[in-house]
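> What shape does this take:
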Amino acid sequence: MTEHVTHVTHPLVQHKLTLMRQTDTSTASFRQLLREISQLLAYEVTRGLPMTTRRIDTPLEPMDAPVIDGKKLALVSILRAGNGLLDGVLELIPSARVGFVGLYRDEETLKPVQYYFKVPTELEDRLVIAVDPMLATGNSSVAAIDLLKKAGAKNIRFLCLLAAPEGIARMKEAHPDVPIVTAAIDSHLNENGYIVPGLGDAGDRMFGTK
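Numbering: from 1, shown residues only. Predicted structure coming up:
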């Protein structure tokens, strides 16, 4: 673990991730496991949120109770695989505002191509959590963060399921102010830019496409 990267080693996270990696895990099981892991990772990525107090009435007496301060945070899914993480985090933080960045990877150049961008207003006043299961080359993630910063975001965190050392290095070089939270740091990228050992294409496994 470094200051830039938080590797979540909780036993439940690691156990569920192992099940997701297995070739014979069904699409339905893969989706359910991703939803469960995303909720567990949400605890880590939202650590340190600003707090204030609010006067409430309990059944016994009034009290000043802790609540999250500031504008509602924004969750931004990097399409399409990001939606798997998004769903789980939203269950935990249903009041969050939601945005989408549509990027696909050109299989020859491995460079990201943008096709969609729609995010909440006032990003400069919100914690923005960008979600994408795989941090591989880092090119798509860097491009998505570039777009979010252009839209005004100043406080950004990146949540992923798997990260490759190459992607972590690329993100740190381009956006050293964006901390990364991940469930695993795998060995390397193969010649096609896929994380090894990884779990295959997260989008294909989540949606049952090939």
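
> CA atoms for contacts and neighbours, from now on please.
Fine.

> how about the helices in this structure?
Using DSSP state H, the helices found in the chain span residues 11-21, 27-45, 82-92, 139-150, 165-174, 202-207.

> E173: neighbouring residues, count only.
11 (other Cα atoms under 10 Å).

> which other helices and strands contact the helix or strand bottoming out on mean pLDDT in the chain?
Evaluated with mean pLDDT, DSSP states H and E, the helix-and-strand set of the chain has its lowest mean pLDDT in helix 202-207, which scores a mean of 85. The elements that helix 202-207 packs onto, with contact taken as 3 or more Cα pairs under 8 Å, 6 or more residues apart in numbering; DSSP states H and E, are helix 27-45.

> residues in contact with the helix it packs on?
Helix 27-45 is contacted from outside by 8, 13, 16-17, 19-20, 84-89, 91-92, 129, 157, 159, 181-183, 205-208, using Cα atoms under 8 Å, 6 or more residues apart in numbering.

> Just the buried residues from these, in ChimeraX please.
Burial among the contacts of helix 27-45 is assessed by 16 or more other Cα atoms under 10 Å; the matching ChimeraX selection reads:
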select :8,13,16,17,20,84,85,86,87,88,89,129,157,159,181,182,183,205,206
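
> related to what we said a few turns ago, let me know which of the helices of the chain is the nearest to I195.
Distances from I195 to each of the helices of the chain were compared using Cα to Cα; the shortest belongs to helix 165-174, at 9.4 Å.

> Any chance you could list what contacts the closest one?
Counting by Cα under 8 Å, 6+ apart, residues outside helix 165-174 touching it are 4-5, 135-139, 141-142, 178, 185-189.

> Which of the helices of the chain sits closest to Y115?
Shortest separation from Y115 across those is recorded for helix 139-150, at 11.4 Å, computed as Cα to Cα.

> any idea of the angle the closest one forms with helix 165-174?
For helix 139-150 against helix 165-174, the angle between stretch directions is 20 degrees (axes from the mean of the first three to the mean of the last three Cα atoms, to 10 degrees).

> Tell me which other helices or strands helix 139-150 touches.
strand 97-105, strand 112-118, helix 165-174.

> Can I get the ones you listed in CSV including distance to R31 and mean pLDDT?
Written out in CSV, the entries for these read as follows (distance: least, Cα to Cα, whole Å; pLDDT from 0 to 100):
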stretch, distance to R31, mean pLDDT
strand 97-105, 19, 89
strand 112-118, 24, 89
helix 165-174, 24, 96
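
> out of those, which comes closest to A153?
Checking the helices and strands packed on helix 139-150 against A153 by Cα to Cα gives strand 97-105 as the closest, at 12.1 Å.

> Can you mark which positions in the closest one are buried?
Taking 16+ other Cα under 10 Å as the basis for neighbour counts, the residues of strand 97-105 that come out buried are R97, V98, G99, F100, V101, G102, L103, Y104.

> T25: which of these is nearest?
When these are compared for distance to T25 (Cα to Cα), Y104 wins out at 25.0 Å.

> For G203, see how far away the closest one is.
Y104 sits 11 Å away from G203, going by Cα to Cα, to the nearest Å.

> likewise L148?
The span separating L148 from G203 equals 22 Å under the rule Cα to Cα.
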